[in-house]
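Chemist: coordinates for the following, if possible.
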Amino acid sequence: MTNAGRTMLMDLRTLQWDPAILSAMNVPEAVLPEIRSSAEVYGTAVGQLSGVPVASALGDQQAAVFGQACYDVGTAKNTYGTGSFLLLNTGARPVPSKSGLLTTMGYKIGGEAPVYCLEGSIAITGALVQWFRDQLGIIRCADEIETLAGSVEDNGGAYIVPAFSGLYAPYWRSDARGVITGLTRYVTKAHLARAVLEATSWQTREVVDAMHQDSGVAITTLKVDGGMTKNNLLMQHQADVLGVPVIRPKVSETTCLGAAYAAGLATGVWSDLDELKSHWQRDVEWTPRMEAPERDREYRNWRKAVERSFGWDDEGGQG
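Modeler: Below is the predicted model:
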């Protein structure tokens, strides 16, 4: 169901192919596969794995939600890669977004009720570190950025908005382009390194705020995975700007883990979601240290920087 939902041909409420959309797109329903749940035995393998049940199928980000044990309403995960993908569990009802987010299937276990999510996609997070390394040549490898950024106490008033190809959620501004703002002669490459990392935190904060606006659900923790979670300075700043704990699990390959969890439920390896929750283990937890007045002031500055990224591509429009 998660993959069917990504085609935009499935009705999120009926969980069946939508006849009106199929007609509009001139897609015969007969050519489409049967929509099945995320966790059930679809059949058995042949060849080297002969007889082994094939028992789960989830899209990439939905599998990460499942692997992060985000089974309760209000639980959320963020995957930090080249870009970032944040999903919030909204429960048994699809929440229409008015804040630039995607309403999506979360998962469906066998004959149980489906679970829905709100998703926010950020185009440039880890890719900004790559740009800092490859295009500017300020660091030689990605790991150096934490040491460089940690050599100063703050960003020196500088902010980097990485709208290299426009801005994704929650703005969807194709006319935006990257900007560096707040520069003075005091700013060094260390301050810029810190601004690179903080751009990921602030973009995540904006998506979290949009999710709260749409759903009324305030997250209490953020579970994280992906390559950038090795950066302790970034994860601490993420906790600071959200004002909630940020938790990294012991098993970082949460997409693979989620597929295994779902298959295990379908085949009786695990009995229920509560057992899976107990199986999930945290590795590191970062708790907020930033005072609320400082967080609010920095957020206002970030939003001003974002506004200055708008309107650079006259042909792009607002999307």
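Chemist: could you check how far residue 108 is from residue 256?
Modeler: 20 Å (CB to CB, to the nearest Å). The C-beta positions use only the backbone N, C-alpha and C, and glycine is treated the same way.
Chemist: of the two, who's got more company?
Modeler: Neighbour totals were compared for residue 108 and residue 256, and residue 108 leads with 23 against 13 (other CB atoms under 10 Å).
Chemist: contacts only, for the more buried one.
Modeler: Contacts for residue 108 (CB atoms under 8 Å, 6 or more residues apart in numbering) come out as 1, 15, 37-39, 114-115.
Chemist: against residue 101, how distant is it?
Modeler: To residue 101, residue 108 is 20 Å away according to CB to CB.
Chemist: so where's the chain uncertain?
Modeler: The chain contains residues with pLDDT under 70 at 315-319.
Chemist: can you pull out the strands in it?
Modeler: Here the chain has its strands, by DSSP state E, at 39-44, 53-56, 76-80, 84-91, 102-107, 115-122, 159-161, 179-181, 222-225, 246-249, 282-286.
Chemist: so which of the ones you listed comes closest to residue 23?
Modeler: Nearest of the strands of the chain to residue 23, taken as CB to CB: strand 102-107 at 22.2 Å.
Chemist: what lies in contact with that closest one?
Modeler: Strand 102-107 is contacted by residues 1-2, 4-6, 12, 38-39, 58-59, 62, 65-66, 87, 89-90, 94-97, 114-121, 169, 262 when judged by CB under 8 Å, 6+ apart.
Chemist: now the buried members of those.
Modeler: 1-2, 4-6, 12, 38-39, 58-59, 62, 65-66, 87, 89-90, 94-95, 97, 114-121, 169, 262 (16 or more other CB atoms under 10 Å).
Chemist: ok, the closest residue to residue 285 other than its chain neighbours - how many residues close by?
Modeler: The spatial neighbour of residue 285 that comes closest, neighbours along the chain excluded (CB to CB, 6 or more residues apart in numbering), is residue 247 at 4.9 Å. Neighbours of residue 247 under the rule other CB under 10 Å: 22.
Chemist: count the neighbours of residue 253 for me.
Modeler: Residue 253 has 13 neighbours, counted by other CB under 10 Å.
Chemist: so who does it touch?
Modeler: Counted by CB under 8 Å, 6+ apart, residue 253 has contacts 67, 225.
Chemist: so how far is residue 259 from it?
Modeler: 10 Å.
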